[in-house]
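Trainee: no sequence for this one, just the structure:
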């Protein structure tokens, strides 16, 4: 499989795409074609997530079969607390919840970031790279800890995570700030996630930073979903969800399904779109946003406009106004016209907005629905769903549930819908408790209270945070990020 840039240029191998992370001249790597994997061919096999992941990922990679199987065993063999890895839990006759948070950091990013270090090591060997890889990450909350956990003490790597200071939950902050490992660095940034992500993309094109890192024996790469190696493992759980529903009798083999996804940077829902392009029967993707509803407006109007207020919310991992992975979808919707995508991205960079035109907007509307909800609705959904079903949701999952219920009332769509649950409620214990009673100022006390009220268990990794020492306290301005990148190499 070869990979091309969304903005044009020469194709590269899978290994080169993973090592580079982002295209040198801007743009994101996408597969030159979509391989076909018939989900019906997997139904009769053992319900092992690694079997599904192998079938989905193998066509995209240069790896030898045995190496890929070993990587899958290392990533998913013992680090998840549910043998299904991504269990599909029935919530209603027409709805299931795909729990993506059973990994070591309690968030869906674990699915990809337990796998990416193995893909990176194999790719480094294949490209003959003699430098160490310096992984730079911008996070809105969950990617940071998952990347730190995945790359901690991996030979030949250094990782630095930047997060918006004050823009993540207390549990998310402590997960990052207490991270051990000789090769990890964490830094808060005075700004929001969009500021942080934009500044990090500039660093990847900063020749002075690239040269200075190279002089010290490092090359820059990314563990954000701008790296196709981060995105690829996520395609597999859409297949796993479909197969689970078929085994449970919720779907007849070949019957189309809907996916409702809480969405900020667009990588999670894009993985589902790629699964559909590979042959997964999908009727609709529902893009669910909070008050930062730039994607909702885009899918309704065909115009992307980031010139709007930025809101901090309890669903902080989708507090994003510049959705990087939307560029990959636009590339497909525009008939793989790199010049057109480049023009839209230039307009976004200079004016903060672009319009895709009626034809592209109409093609997207056939497959995507979008809506949003506010904080009050999020809390009401957490409270109502628990009262009616006994199921406890985190704020991001509750955003998706709110949007799903509203769409169900309006469209009366009978297709079964899979709701992607992206994080454990205990990563946001204070906010979730607020759906039932007024929380205190102590997050760990709130977790205990939430556990008592809902008869749910506090994950061991959350309990452990209270005893771990804070190791990373650095905070910098947006303009100080390049300096921070290089200081970590001294």
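Mentor: Looks like it came in fine. As the structure is a prediction and not an experimental result, all values here were calculated from the model. Numbering: from 1, shown residues only.

Trainee: give me the element residue 220 is part of.
Mentor: strand 218-222 (DSSP states H and E).

Trainee: just checking, what packs against that strand?
Mentor: Where contact means 3 or more Cβ pairs under 8 Å, 6 or more residues apart in numbering; DSSP states H and E, strand 218-222 is packed against helix 14-20, strand 132-138, helix 193-204, helix 207-215. In short, each C-beta sits where N, CA and C put it, glycine included.

Trainee: do you know how far the closest residue to residue 212 other than its chain neighbours is from residue 401?
Mentor: Nearest residue to residue 212, sequence neighbours excluded (Cβ to Cβ, 6 or more residues apart in numbering): residue 486, at 5.4 Å. Distance, residue 486 to residue 401, by Cβ to Cβ, to the nearest Å: 44 Å.

Trainee: between the two, who's got more neighbours?
Mentor: A direct count of neighbours by other Cβ atoms under 10 Å for residue 486 and residue 401 places residue 401 higher, at 27 against 17.

Trainee: How many residues are close by the closest residue to that one other than its chain neighbours?
Mentor: Spatially, and ignoring its direct neighbours in sequence, residue 401 is nearest to residue 381 (5.1 Å; Cβ to Cβ, 6+ apart). When counting by other Cβ under 10 Å, one arrives at 23 neighbours for residue 381.

Trainee: Tell me who's in contact with residue 381.
Mentor: Each residue near residue 381 by Cβ atoms under 8 Å, 6 or more residues apart in numbering is listed here: 373, 393, 398, 401, 402, 405.

Trainee: does the fourth one really touch residue 419, like I thought?
Mentor: Yes - distance between residue 401 and residue 419: 6.0 Å, which falls inside the contact criterion (Cβ atoms under 8 Å).

Trainee: Can you pull the residues that touch both of the two?
Mentor: Common neighbours of residue 401 and residue 419 are listed as residue 260 (criterion: Cβ under 8 Å, 6+ apart).

Trainee: coming back round to it: any chance of the helices and strands packed on strand 218-222 in TSV, with mean pLDDT and mean neighbour count too?
Mentor: What follows is the helices and strands packed on strand 218-222, written out as TSV (pLDDT from 0 to 100; neighbours: other Cβ atoms under 10 Å):
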stretch	mean pLDDT	mean neighbour count
helix 14-20	96	24
strand 132-138	94	25
helix 193-204	93	21
helix 207-215	95	14
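
Trainee: Let me know which of these is the nearest to residue 316.
Mentor: helix 193-204 (8.5 Å; Cβ to Cβ).

Trainee: what is the orientation angle of the closest one with strand 218-222?
Mentor: Counting by axes from the mean of the first three to the mean of the last three Cα atoms, to 10 degrees, helix 193-204 lies at 150 degrees to strand 218-222.

Trainee: Just name whatever secondary elements helix 193-204 is in contact with.
Mentor: When contacts are defined as 3+ Cβ pairs under 8 Å, 6+ apart, helix 193-204 sits against strand 132-138, strand 157-164, strand 184-190, strand 218-222, helix 481-487.

Trainee: just to revisit the earlier point, downstream neighbour of the strand holding residue 220 in the secondary structure list?
Mentor: Downstream of strand 218-222, the next assigned helix or strand under DSSP H and E is helix 228-248.
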